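J.: got a predicted structure plus its sequence, pasted below:
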Amino acid sequence: MPTSINDRLMTTAELLDYLQVTKSTLYTWRSSGRGPRAFSVGKNLRFRRNEVDSWLETQVAA
């Protein structure tokens, strides 16, 4: 079980809201290998909050 907000799994909808981007933008990033890492849970994508935050830091640094 997640121990903090940074360990929790985010749905695609939650990630879109968190990043303030469209679904189209997210899927463009994913198809080009530039977006945050995701994994499948059944038919759904999930994102680890701490990995999304790390990915964001690399974007700011670039």
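T.: Great, that's in hand. Residues are numbered from 1 along each chain as shown.

J.: determine the longest strand present in the protein.
T.: strand 44-48 (DSSP state E).

J.: what angle sits between the helix or strand just after that strand and strand 44-48?
T.: From strand 44-48 onward toward the C-terminus, using DSSP states H and E, the following helix or strand is helix 49-61. Calculated by axes from the mean of the first three to the mean of the last three Cα atoms, to 10 degrees, helix 49-61 forms an angle of 70 degrees with strand 44-48.

J.: please save the CA atoms from helix 49-61 in CSV.
T.: Only the C-alpha atoms of helix 49-61 are listed here, as CSV (Å, rounded to 0.1, in the frame of the first residue of the first chain):
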residue,chain,number,x,y,z
ARG,A,49,3.6,10.2,-8.8
ASN,A,50,7.2,10.2,-7.7
GLU,A,51,8.3,9.2,-11.3
VAL,A,52,6.1,11.9,-12.8
ASP,A,53,7.7,14.5,-10.5
SER,A,54,11.2,13.2,-11.4
TRP,A,55,10.3,13.4,-15.1
LEU,A,56,9.1,17.0,-14.6
GLU,A,57,12.4,18.0,-13.0
THR,A,58,14.3,16.7,-16.1
GLN,A,59,12.0,18.8,-18.3
VAL,A,60,12.7,21.9,-16.2
ALA,A,61,16.4,21.3,-16.4
